[in-house]
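Asker: no sequence for this one, just the structure:
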Ligand code: SF4
Ligand code: SF4
């Protein structure tokens, strides 16, 4: 098994394209914030135009269709075809599993690289308490149907204090499911989750005791596992992805962020105006990215300082890595 920290790369671009913010669910930790991200659904023409902004580097760009729930978009299948004709490096659809508009019958496995399913509990009780009644069954049958039709599938598990105790059961759950990638995420303190008690991140010691071990057990089943590094020692190099990589988080109101932690604020780097990616005036998130602090990520310190810890001299015990810095286990 090969374990590696996935370095940020200027060579490839990641486009996280929220084509709507509407969703059938109300997950406790939802990061969508309609005041900041809009509540409109992009028309197919607008999707085509906005994808066109990136078409010159499409061959090096990973495209992820997101929402809200992207399968609620009636033209998702056509959007996938358009992206295919532009030759994006990879195309993924993130879904909560409900698979609206018969999406599995409208696209074919050769058109997308992955369906990525969100699950936040190994038991129906925990998952559905976080994501809503019926979600566990929807994800399981969504994966089963997608795998039967020949689609590659992945799973995303967002870790919080509410579901960390079920993480050790994940290797058993994924046995025989047919997924080929598994992503572990840390719950964010953003969007709708700000108004709930679902936002507890787990401590460094619990994270380190649980996540790497479980990730290995999942990878032993032939599944590629990716999880965020989260904690860095003072000897580790800290890098802000926004300074060294090319990530765009696009929302239907035209805002484009480079850092997901900034998405609750009108600090976006760009705005799409008349189908042109237009830099925003100061002050915006780009003014924070170059700040060097002993705690590592500046936005983490500003937005979610609860996960920092200091010694008696007031010095941080560890640094928080960029939320986009990942460890990857290749079976
Ligand atoms: S987290 Fe995703 S699936 Fe859940 S409510 Fe938010 S957009 Fe919908
Ligand atoms: S999470 Fe922190 S380190 Fe990563 S892009 Fe945002 S500000 Fe930079």
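Answerer: Done, it's in. All of these numbers come straight from a predicted model, not from anything done at the bench. Ligands and ions are numbered 1, 2, ... in the order given.

Asker: drop to CA atoms for contacts and neighbour counts, all remaining ones
Answerer: Noted.

Asker: ranges for the strands of the stretch 101-250 of the chain?
Answerer: Ranges of strands in the stretch 101-250 of the chain, per DSSP state E, counting those that start in this stretch, are 114-118, 153-159, 181-186, 224-228, 231-232, 246-250.

Asker: Ligand 2: which of those strands is closest?
Answerer: Shortest distance between ligand 2 and these, using C-alpha to the nearest ligand atom, is found for strand 246-250: 8.8 Å.

Asker: Would you mind listing the buried residues in that closest one?
Answerer: Within strand 246-250, the residues that count as buried by 16 or more other C-alpha atoms under 10 Å are 246, 247, 248, 249, 250.

Asker: Now do the contacts for residue 109.
Answerer: Contact analysis of residue 109 by C-alpha atoms under 8 Å, 6 or more residues apart in numbering lists 149, 150, 151, 152.

Asker: Roughly how far does it sit from ligand 1?
Answerer: Using C-alpha to the nearest ligand atom, to the nearest Å, residue 109 is found at 22 Å from ligand 1.

Asker: Check residue 253 too.
Answerer: With distances taken as C-alpha to the nearest ligand atom, residue 253 is found 16 Å from ligand 1.

Asker: Hmm, that residue is touching residue 38, no?
Answerer: Yes - contact criterion C-alpha atoms under 8 Å: residue 253 and residue 38 qualify, at 4.9 Å.

Asker: And these two? Which one has more around it.
Answerer: The residue with more neighbours, out of residue 253 and residue 38, is residue 253; 21 against 17, by other C-alpha atoms under 10 Å.

Asker: any idea how far the lowest-mean-pLDDT helix or strand in the chain is from the chain center?
Answerer: Ranked by mean pLDDT, DSSP states H and E, the weakest helix or strand in the chain is strand 2-6, scoring a mean of 90. Centroid separation between strand 2-6 and its chain, computed with C-alpha atoms, centre = their mean, to the nearest Å, is 19 Å.

Asker: again, but for stretch 231-251
Answerer: Using C-alpha atoms, centre = their mean, the offset of stretch 231-251 from its chain centre is 14 Å.

Asker: what do you get for stretch 218-226?
Answerer: For stretch 218-226, the distance to the chain centre is 18 Å (C-alpha atoms, centre = their mean).

Asker: List the contacts of it.
Answerer: Counting by C-alpha under 8 Å, 6+ apart, residues outside stretch 218-226 touching it are 1, 170-171, 174-175, 179-184, 215-216, 326-331.

Asker: Could you do stretch 112-122 as well?
Answerer: Contacts of stretch 112-122 (C-alpha under 8 Å, 6+ apart): 80, 90-97, 126-128, 130-131, 136, 139, 143, 146, 151-159, 163, 166-167, 169-170, 173.

Asker: Please flag which of these sit within helices.
Answerer: If you go by DSSP state H, those have 80, 126, 127, 128, 130, 131, 136, 139, 143, 146, 170, 173 in helices.

Asker: Please pick the buried ones from those residues.
Answerer: Buried residues within the ones in helices among the contacts of stretch 112-122, defined by neighbour count using 16+ other C-alpha under 10 Å: 80, 126, 127, 128, 130, 131, 136, 139, 143, 146, 170.

Asker: what residues are up against residue 211?
Answerer: Going by C-alpha under 8 Å, 6+ apart, residue 211 touches residue 167.

Asker: coming back round to it: what would the contacts of residue 109 look like in a markdown table with distance to ligand 2, neighbour count and pLDDT?
Answerer: Listed next are the contacts of residue 109 as a markdown table, based on distance: C-alpha to the nearest ligand atom, whole Å; neighbours: other C-alpha atoms under 10 Å; pLDDT from 0 to 100:
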| residue | distance to ligand 2 | neighbour count | pLDDT |
| --- | --- | --- | --- |
| 149 | 37 | 13 | 98 |
| 150 | 35 | 13 | 98 |
| 151 | 31 | 23 | 98 |
| 152 | 28 | 21 | 98 |
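
Asker: and which of those residues is nearest residue 104?
Answerer: The shortest approach to residue 104 among these belongs to residue 149, at 7.8 Å (C-alpha to C-alpha).

Asker: tell me the angle of the helix ranked longest in the chain relative to strand 153-159?
Answerer: Secondary structure of the chain per DSSP H: the longest helix is helix 204-219. Counting by axes from the mean of the first three to the mean of the last three C-alpha atoms, to 10 degrees, helix 204-219 lies at 160 degrees to strand 153-159.

Asker: tell me the mean pLDDT over helix 204-219?
Answerer: Across helix 204-219, pLDDT averages out at 97.

Asker: what's the spacing between the nearest residue to residue 141 once chain neighbours are set aside and residue 178?
Answerer: Excluding its sequence neighbours, the residue lying closest to residue 141 (C-alpha to C-alpha, 6 or more residues apart in numbering) is residue 97, at 7.8 Å. To residue 178, residue 97 is 15 Å away according to C-alpha to C-alpha, to the nearest Å.
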